[in-house]
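J.: Show me the folded form of this:
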Amino acid sequence: MGNRVKGRAKPKSQKAASSSSMGSKRKLSRMGKKQKSNHSGLDATFINRSATLRKLGITLKDFQRLCILKGVYPREPRGRTPNKRKGLVYFHIKDVRALAHEPILEKFREFKAFMKKVRKSAGRNEKDEAARKHAQAPTYTLHHLVKERYPRFIDALSDLDDALTLVYLFAALPSQGRILSRITHSAKKLSAAWGAYTALTSSITKSFISVKGVYFESAVSSDSCPPVNIRWIVPHAFTQHLPKDVDYRVMVTFFEFYETYLGFVLYKLYSDIGVRYPLEVDLGSGGKGLKMNLLEGYLNVLTVRNEEEGKNITSVVTAAAEPKKDEETKKAKLTKSEKAKQKELIQTVGIALTKINENDMDEDEDDEDVKVSEPLKQALSNLAQEQSNTLPSSATQDLSAEAEQRRRLFANLTFFFSREVPRGYLELVSLSYGAKVGWEGEGSPLSISDPSITHHVVDRPKLLPIYSSLPSREFVQPQWIADCANFKFLLPCSRYGVGIALPPHLSPWSNEDEEEGYTPPFAKEVERLKNGEIGTLSMEETVKDQNDTPVEKDNEKEDSDDDSDSDEKTPNDTKKQDSDVEEEEDEDEENAHEKSNSTSKMDEEAKELAKLVMSKKATRLYGRMKKGQSQKQERIEILQRKRREIDESKDMRATGAKSNKKKKLERLKDERKDLEKEYVKQTGRNR
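T.: Numbers count the residues shown, from 1 in each chain. The predicted model follows:
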């Protein structure tokens, strides 16, 4: 009972005022309770890395790996740092709680306990037991993480840039150290599957060859989302040297997640075009050092999968060529769809039969025991081969209008790549824009002497003597394919001939004319070429020819006739006329100059008056706008100045003259020599 006395009333609490009718507990709930330290505010919201490791009970290596797979990154607190401790890495408490409930964390702990058992057996020199235990290592999957991080397919497509760049990088790296051969082989398969899809759907919109690599951009769309622009980099096909200051363990962890992530995306994209992923590519037999064209293999499988009509034709016709077994099946009733299919089969059989030589048919009639199915099968195989050279109709039915326009660019062209040409990215661009491709090497569908080749891509300073005996074709440099694809126009091959200085390779991601305010001269030439203002032979010469129009020539003739008539006049009259004309021109120039000055002054006064009427907020906004315009104008002037310097240097090289820098350097050298001579004269000794 405490200090309470029996029979007396309970006294009021000291926490509430005597005049207040509110109880003490109600008053405390209204005023708020006193919180404990490190349970609210900034100190409880963020937790540093060492405290996170203690909370999760894992090592730093496993924690980094878990954060990469889960997509958790450090956060920087706004304002002050928690507990006034600077220079630390902090994580949000919600992210730490999400990591604590991750199923992969339990797998990491199981693997740690498992490795203790393996090391224990290995320490006892029980190699067989250690090998048996090591084969039973716990495994895990990342499927739930992909679904958790990307709940919608458009989110997965939007975040595909880094994944593709890393996959293409691993496909180009050698297998050594932490980069295992399994990783490089998986990266090559993923990159080939992605390249085959973009080439088949004509989704590549832009490409740019730079020092770092080849930049690509593709517009990928699906049934459930609008088109998404995806940009990635393909490294050049050089021998890659692995630097020692790079943590490849982190890169391998990223690739572990991107491998599963790309598998999900490719499965969805391939299912949209009616193909099951992953594809089963038959790459033939060969050793580990065999260079396999995975992209070509995936494209072949895609064309075969999409040619369902061709498959049905070949299977039915071969069955009809064999001896008849069941007569009852022929008498069965056919549905409308089956009759339509049968008509299509009969038409294709007729096409195949027309390709059989008449001489072979005559010989077959003389022989009684000849097999009729052999020439029919051969003709069908030739027909299937012709169909395989072109893309299937079912793959192009669902293409958008822009994709169909891109596919028509190289539709009737056949490219052949020489041995020195980097075939990877050029083949990807060519196939995406509808061209047929062949190369100098194994597995090429075209030979070098094929008459259907329209363009021979060569990257040499001079043509080889062997090329003179080839059929007529255009010899171009590799940049021609990329520029035609970027401008979406077939540029003249004369500017890209072998041994000729190439035009500038413009980036397709540069700002548009309205935004940047500067257009390179080559872009202007291409626009005039598209509009038909320039011929297809040489751009500079045709501009000069177009300037000399027939009307101007007639005017020149009339001027010459007038000059001949004026020659008959006396020289005094001509002098008077010239002086009068000069005086009139000077007066017109003065009047125009005075008018321009007066209008400019009036405009400036109107601007100043408008500024006075503006509010303070409007004047600040106007000042920022004028500052942005001035900075934009400065960038334009810098680009124009660089263009003038390039043109001047080209003109000086053509004429053999010296540039201003060389003249300045020679002048400084001469001045230095003069100073040395004066020094020798004054001191009487050399330096």
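
J.: Phe63 against Ser50, yeah?
T.: No. The pair Phe63 and Ser50 fails to qualify as a contact (Cβ atoms under 8 Å) at a distance of 10.4 Å. (Each C-beta comes from the backbone N, C-alpha and C, glycine too.)

J.: and these two? which has more neighbours close in?
T.: Legend: neighbour count by other Cβ atoms under 10 Å for Phe63 and Ser50, higher for Phe63 (19 against 11).

J.: what about the closest residue to that one other than its chain neighbours, which helix or strand?
T.: Of all residues not flanking Phe63 in the chain, Leu53 sits nearest, at 5.8 Å (Cβ to Cβ, 6 or more residues apart in numbering). Assigned by DSSP states H and E, Leu53 belongs to helix 49-56.

J.: Check which residues of that helix are buried.
T.: 49, 52, 56 (16 or more other Cβ atoms under 10 Å).

J.: so what does that helix touch, helix or strand wise?
T.: With contacts defined as 3 or more Cβ pairs under 8 Å, 6 or more residues apart in numbering; DSSP states H and E, the packing partners of helix 49-56 are helix 60-70, strand 90-92, helix 93-100.

J.: Please tabulate these in JSON lines, including the columns distance to Val214 and mean pLDDT.
T.: Shown next, in JSON lines, are the helices and strands packed on helix 49-56 (distance: least, Cβ to Cβ, whole Å; pLDDT from 0 to 100):
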{"stretch": "helix 60-70", "distance to Val214": "27", "mean pLDDT": "93"}
{"stretch": "strand 90-92", "distance to Val214": "38", "mean pLDDT": "92"}
{"stretch": "helix 93-100", "distance to Val214": "37", "mean pLDDT": "92"}
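
J.: and the nearest residue to Arg109 once chain neighbours are set aside, how many neighbours?
T.: Closest residue in space to Arg109, ignoring its immediate chain neighbours: Ile58 at 7.4 Å, by Cβ to Cβ, 6+ apart. The local packing count at Ile58 equals 19, with neighbours defined by other Cβ under 10 Å.

J.: Per-residue confidence, Ile58, what does it come out as?
T.: The predicted local confidence for Ile58 comes out at a pLDDT of 90.

J.: Wasn't Gln136 part of a strand?
T.: No. Inclusion of Gln136 in a strand is not indicated when DSSP: H, G, I helix; E, B strand; the rest coil is applied; the result is coil.

J.: Let me know the distance separating it from Tyr267.
T.: Computed as Cβ to Cβ, to the nearest Å, the Gln136 to Tyr267 distance reads 30 Å.

J.: again with Thr205
T.: With distances taken as Cβ to Cβ, Thr205 is found 24 Å from Tyr267.

J.: So between these two, which is more surrounded?
T.: Thr205 (22 against 14).

J.: Test my guess that that one contacts Ser218.
T.: Yes. Applying Cβ under 8 Å, one finds Thr205 in contact with Ser218, separated by 6.2 Å.

J.: Strands of this protein, residue ranges please.
T.: Secondary structure of the chain, counting by DSSP state E: strands at 46-48, 90-92, 204-209, 214-222, 225-234, 414-417, 436-439, 455-457, 474-476.

J.: Low-confidence bits of the stretch 451-600 of the chain, can you list those?
T.: 511-516, 534-588, 590-591, 593-595 (pLDDT under 70).

J.: Pro451 contacts Pro471, correct?
T.: Yes. At 4.7 Å, Pro451 and Pro471 qualify as touching, with contact defined as Cβ under 8 Å.

J.: so what's Ile500 up against?
T.: Contacts for Ile500 (Cβ atoms under 8 Å, 6 or more residues apart in numbering) come out as 477, 494.

J.: Angles on the backbone of it, please.
T.: Its backbone dihedrals place Ile500 at phi -100, psi 140, with angles given as degrees, to the nearest 10.

J.: If I look at Thr253, what pLDDT would I see?
T.: Looking at Thr253 specifically, the model assigns a pLDDT of 95.

J.: again, but for Lys244
T.: At Lys244, the model reports a pLDDT of 88.

J.: which residues touch it?
T.: Counting by Cβ under 8 Å, 6+ apart, there are no residues that Lys244 touches.

J.: again with Arg85
T.: Residues counted as contacts of Arg85 (Cβ under 8 Å, 6+ apart) are Asn48.

J.: so how far is Phe91 from it?
T.: Applying Cβ to Cβ, the value for Arg85 to Phe91 is 14 Å.

J.: Next: Pro471.
T.: As judged by Cβ to Cβ, Pro471 and Phe91 stand 67 Å apart.

J.: neighbour-wise, which of those two wins?
T.: The neighbour comparison of Pro471 against Phe91 (other Cβ under 10 Å) goes to Phe91, with 20 against 11.

J.: Would you confirm that the more buried one contacts Thr45?
T.: No. Counting by Cβ under 8 Å, Thr45 is not a contact partner of Phe91; they are 10.2 Å apart.

J.: Check what pLDDT the residue nearest to Phe63 gets.
T.: Here, the pLDDT recorded for Leu53 equals 93.

J.: Distance check, it against Phe91.
T.: Note on Leu53: its distance to Phe91, by Cβ to Cβ, is 10 Å.

J.: With Val437 instead?
T.: If you measure Val437 against Phe91 using Cβ to Cβ, the figure is 50 Å.

J.: can you check Val498 too?
T.: Val498 sits 59 Å away from Phe91, going by Cβ to Cβ.

J.: Next: Lys133.
T.: Counting by Cβ to Cβ, the gap between Lys133 and Phe91 amounts to 35 Å.

J.: now swap in Tyr518 and tell me
T.: Spatial separation of Tyr518 from Phe91 under the definition Cβ to Cβ is 46 Å.

J.: The stretch 51-200 of the chain: helices as residue ranges?
T.: 60-70, 93-100, 103-123, 127-134, 143-149, 153-158, 161-172, 181-201 (DSSP state H, counting those that start in this stretch).

J.: what does the last one contact?
T.: Helix 181-201 is touched from outside by 164, 167-171, 173-175, 203-204, 218, 220, 252, 255, 259, 262-263, 266, 269-270, 273, 277-279, 294-295, 297-299, 302, 391, 395, 399, 403, 428, 431-432, with contacts defined as Cβ under 8 Å, 6+ apart.

J.: Can you say which of these are buried?
T.: For those, a neighbour count by 16+ other Cβ under 10 Å gives the buried set as 164, 167-171, 173, 203-204, 218, 220, 252, 255, 259, 262-263, 266, 269-270, 273, 279, 294-295, 297-299, 302, 391, 395, 399, 403, 428, 431-432.

J.: Need the phi and psi values for Tyr518.
T.: Comment: the main-chain dihedrals of Tyr518 come out as phi -130, psi 130, following degrees, to the nearest 10.

J.: Neighbours of it, how many?
T.: Residues within reach of Tyr518, counting by other Cβ under 10 Å, total 16.

J.: which residues are common contacts for Thr205 and Ser218?
T.: Going by Cβ under 8 Å, 6+ apart, residues that sit against Thr205 and also against Ser218 are Asn229.

J.: so what's Gly177 up against?
T.: When contacts are counted by Cβ under 8 Å, 6+ apart, Gly177 is found next to 242, 248.

J.: what's the spacing between Phe264 and Phe255?
T.: 15 Å.
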